[in-house]
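Student: I would like to see how this sequence folds:
(chains A and B)
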Amino acid sequence: MTEPKIAGTSVPRLDGPAKVMGRAKYAVDLDIPGAAHGVAVRADRAHARIVEIDASEAEALPGVLAVVTAETVAPIDVRFGHISRDHPALAFDKVRYAGEPVALVVAETRRAAEKGARLVRIRYEDLPAVIDAEEALADGAPLVHDVHPGRTGDEGFHGTTADALEGNLCAANLLEWGDLDAAFAAADVVVEGEYRYPILYGYAMEPYNATALFEEGSLTVYTTAQHPYMVRDDLALMFSLPLARVRVVVPYVGGGYGTKSYTKVEPLAALGAYATGRPVRVALSVEEAIYTTRADSAVIRARSAFTSDGTLLARDFDIVMNSGAYSDNSPLVCAKFAARTFGPYRMDALRVRCRSAFTNTTPASSLRGFGAPQGNLGGELQMDEAADKLGIDARELRLRNVVKPGEEILKGKRGIDADLAADLELLTESLGWGEREGVGFGLAASDAGAHPTSTAIVRIHGDGSASCAIGATELGQGSRTVMSQILADGLGLPLEKVAIVQSDTGVVAYERTTGASRTTTLNGRSLLAACDDARRKIRELAAEFATEIEDAPGGIEADGAFMSYGEVIRKWFGSGGEVVGSAAIRKHGDFEKLPPFWEIGASGVAVSVDEETGRVTVEQLTTVGDVGFAINPTLVHGQDLGAATMTLGAALSEELVYDGTTLSNPNVVEYRVPRAGDMPKKIDQILAERRDGLGPFGAKGGGEGAGNPIGAAVAAAVGRLLGRYPTELPLTPERVWRLIQEVNAGEKEKEVVRG
Amino acid sequence: MRVTGTINGQAATLEIEPSTLLLDLLRDLGYTGAKPSCEMEVCGACTVQLDGLPVSACTTLAIELDGRTVETVEGLANAETDLHPVQQAFLKESAFQCGFCTPGMIMSAKALLEANPSPSRDEVVHWLEGSICRCTGYEPIVDAVLEAAEVIRND
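Tutor: Model prediction:
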């Protein structure tokens, strides 16, 4: 690999001009000629048998083309799901959560479809519902699925347990090693606690939407999906089409953060198109988006055992996730949750029992760092509690136990590819730890990257310029820019001579997913390998007319004289022509051991609390971006600040609340995401570049890491000010105020070292 | 009903249903810079200027256009070489990621600078409370608005 020239510099975003001019097209902006509009009829109750759907009145409405139900499209099986095919695009037999789509009204205009949707009469027979996850796992709970859904068996979702699933158990994972009982018996200090992480809604600002059409025996879908190839696979299965005859196209996406991972609204649009023969567009409102996907909430019971000198002996976690009505990605979240809870520390014994429960609530799935922000709350907050109990500084306690570079966190997995102790020093120095009050910080290491299947195609054109066609989606993270930088360096070309095409399964090379911070590392590596393949082919062409051939930037040295790629191509073809390079990486070689990289979180805050109102103000935020090598430092900062801000929302204000069996705040007025005024007063962003990743030039992924420790860090910082650690997020003014009253009333249970 | 107004400097006479929202009208006319999101006038993604004032097009009736002037982000520049100082500052500060909030954010910032050419940092932050961004954490956006203010003042 040559040394980077363009990678490593903060070149401006390629998508910038289009985005600031309002010209960037998102799926919701597309105007597909002849498209009809689909609006879903949604269940108004959490759990009920569907007795009858009367669509006659809706069908009679002028402009209505069809009222689509699971029955009207039979024998098509409307269920989908990448881990468990348990999710009907349109509910049949019964509804499992309030807000679930039961029918789709397709009409000439959106207004007619909305009107029609109000006229569809559904007769239900109510069933007892279960909303709370622990109640769902108790004996005698109403069953969300009468028959436990099986698994698709996709090997990519390694680590998810499929055995022994029954009742409302959606997934279960057990991680354990060492003699736990002996370790706790030998401990000098044990800390115990119960922690609660709220139900979150990612609020990607472009709500889910898709337009589908059938033509020439193929299905084409324009959509907001992060993983177009996985959506393709689900649709091919649903409509019994060859993969080659399903094309999923993703233009610019208005925010993803994991919420647009996997199949969401695409089957609805496709079923509408199938039923009517028309292109059909389904564009959800924010309220409907909330009924489509939210993140897994969790209760975490934890205990940790230490010797008096601060050596961590053992940790024991019992986690229950509320995963909603369908599996979606929760089984993988469950596996990751287990792996991301106990922290990057060495210990002789560990037990993590993580259970994901079906409930009659909106299906849960991925959201930035999935499992990590939740698990970290228990894991890291308990390090702070232990430090106080032991009388050891909280930074020092972590330094004594944190794994060294190369050391394993998970048995048999890749050793840690980061220097966490050094990151922690940078972090605490920036925060003024020990010199000011109200500081909290933490570490996280996530087994990121997902299954390392990635491919890339590079074309070198007749004028020596080059383009690539890759499956990674531009979600705002900046992959267009970063991958272009890698392409330019891979071929020794200036940025002005490269171009990129993304996220169209009819055109680009296969990419398994865009998530888990994988694009730079995995698609970056497959792209560099495709550049090498294209260069090899250029040398092969040149061998027809030269004997001494060596690679040179932008071309070759052929018998001592420079020839650009274009000159080689034109000479070989005589007229026109191009060279195509391709490459694939898989779980093999460098990537045999999983994860492909560890995603590091080293973040913290300094806060103040208004004791009158309970309002928490973030005085400072510090992120340490341990990304190996920042291919575009400005974009890394952007990812880190964005991730940290998102978790600040979870820490301070965001929570979906069920009032009985329905959501009480399915809108962005009552579900409060961070606004400009919530910005930390001071922001310090540090990059730690040690070239210790497997990605291009030593890079590894970022984008989730900075957010993962923030929830626990905020709780620790608030706890240090109040004299008592909060254990439940978000720390709304009310919750903090109550905590203050409890502490003032002398109900102080835990000794917290102030400062 | 018949409505006569000006959109991005061009006179327009339109036949519209009284219940049509300004956002839908603009987007149907091809001005898709204004984005649909919260539909409750809180996220700011659909912000346009109506007679210079920033409004949420998602909760403004299209008939409000009658006798008035609306400007959308598409009205700010015809070419990449011709960007408004606010647009230039957003590029320079990398003040966007997914870009979905960006047109509304830019229109809101432009309206602020027209009303107050020398806002303090706190004033910019307060003004931007009306626009949500889920990607950036706001800091680069505030920097961009302050930078644009300086460029405009020195122009």
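Student: Identify the residue nearest the geometric centre of the chain.
Tutor: Just going to use chain A. A:Gly258 (3.0 Å; C-alpha atoms, centre = their mean).
Student: The chain in question should be chain B.
Tutor: For chain B, the residue nearest the mean C-alpha position is B:Met107 (2.3 Å; C-alpha atoms, centre = their mean).
Student: Got the domain ranges for chain B?
Tutor: With domains defined by automatic domain parsing, chain B comprises B:2-75, B:80-154.
Student: For A:Glu548, give me its contacts.
Tutor: Neighbouring residues of A:Glu548 by C-beta atoms under 8 Å, 6 or more residues apart in numbering or on different chains: A:Glu557, A:Ala558, A:Asp559, A:Gly560. (C-beta placed from N, C-alpha, C; glycine too.)
Student: which SS class is the nearest residue to A:Leu243 once chain neighbours are set aside?
Tutor: Once flanking residues are discounted, A:Leu243 sits nearest to A:Ala236: 5.1 Å by C-beta to C-beta, 6 or more residues apart in numbering or on different chains. Three-state secondary structure (criterion: DSSP: H, G, I helix; E, B strand; the rest coil) places A:Ala236 in helix.
Student: Moving C-terminal from the one helix or strand A:Asp316 maps to, which element do we reach first?
Tutor: Using DSSP states H and E, A:Asp316 falls within strand A:312-322. Downstream of strand A:312-322, the first helix or strand assigned by DSSP H and E is helix A:330-341.
Student: Give me the buried stretch members for the helix or strand following that next one, please.
Tutor: Proceeding N to C from helix A:330-341, the next assigned helix or strand is strand A:349-357, under DSSP H and E. Neighbour-count burial for strand A:349-357, counted by 16 or more other C-beta atoms under 10 Å in any protein chain shown, picks out A:Ala349, A:Leu350, A:Arg351, A:Val352, A:Arg353, A:Cys354, A:Arg355, A:Ser356, A:Ala357.
Student: Mind putting the residues you listed into JSON lines with distance to A:Ile409 and pLDDT?
Tutor: Below are the buried residues of strand A:349-357 laid out as JSON lines (distance: C-beta to C-beta, whole Å; pLDDT from 0 to 100):
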{"residue": "A:Ala349", "distance to A:Ile409": "14", "pLDDT": "98"}
{"residue": "A:Leu350", "distance to A:Ile409": "10", "pLDDT": "98"}
{"residue": "A:Arg351", "distance to A:Ile409": "15", "pLDDT": "97"}
{"residue": "A:Val352", "distance to A:Ile409": "12", "pLDDT": "97"}
{"residue": "A:Arg353", "distance to A:Ile409": "18", "pLDDT": "96"}
{"residue": "A:Cys354", "distance to A:Ile409": "16", "pLDDT": "96"}
{"residue": "A:Arg355", "distance to A:Ile409": "22", "pLDDT": "96"}
{"residue": "A:Ser356", "distance to A:Ile409": "22", "pLDDT": "97"}
{"residue": "A:Ala357", "distance to A:Ile409": "27", "pLDDT": "98"}
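Student: near chain B, from those?
Tutor: Near chain B, judged by C-beta under 8 Å from any C-beta of the partner chain, there are no entries from the buried residues of strand A:349-357.
Student: ok, longest helix in chain B?
Tutor: For chain B, the helix that runs over the most residues, judged by DSSP state H, is helix B:139-154.
Student: For that one, which helices and strands make contact with it?
Tutor: helix B:85-92, helix B:102-115, helix B:121-128 (3 or more C-beta pairs under 8 Å, 6 or more residues apart in numbering or on different chains; DSSP states H and E).
Student: Please give the centre-to-centre distance between the second one and its chain.
Tutor: Relative to its chain's centre, helix B:102-115 lies at 5 Å (C-alpha atoms, centre = their mean, to the nearest Å).
Student: about what we covered before: what about the residue nearest to A:Leu243, neighbour count?
Tutor: For A:Ala236, the tally of surrounding residues (other C-beta atoms under 10 Å in any protein chain shown) stands at 17.
Student: so how far is A:Thr505 from it?
Tutor: 10 Å (C-beta to C-beta, to the nearest Å).
Student: thought the residue nearest to the centre of chain B was touching B:Gly75?
Tutor: No - between B:Met107 and B:Gly75 there is no contact under C-beta atoms under 8 Å: 9.3 Å.
Student: For chain B, give the residue positioned nearest to chain A.
Tutor: Nearest residue of chain B to chain A: B:Gly33, at 2.5 Å (C-beta to the nearest C-beta).
Student: contacting residues around that residue?
Tutor: Each residue near B:Gly33 by C-beta under 8 Å, 6+ apart is listed here: A:Met21, A:Gly22, A:Arg23, B:Thr72, B:Val73, B:Glu74, B:Pro103.
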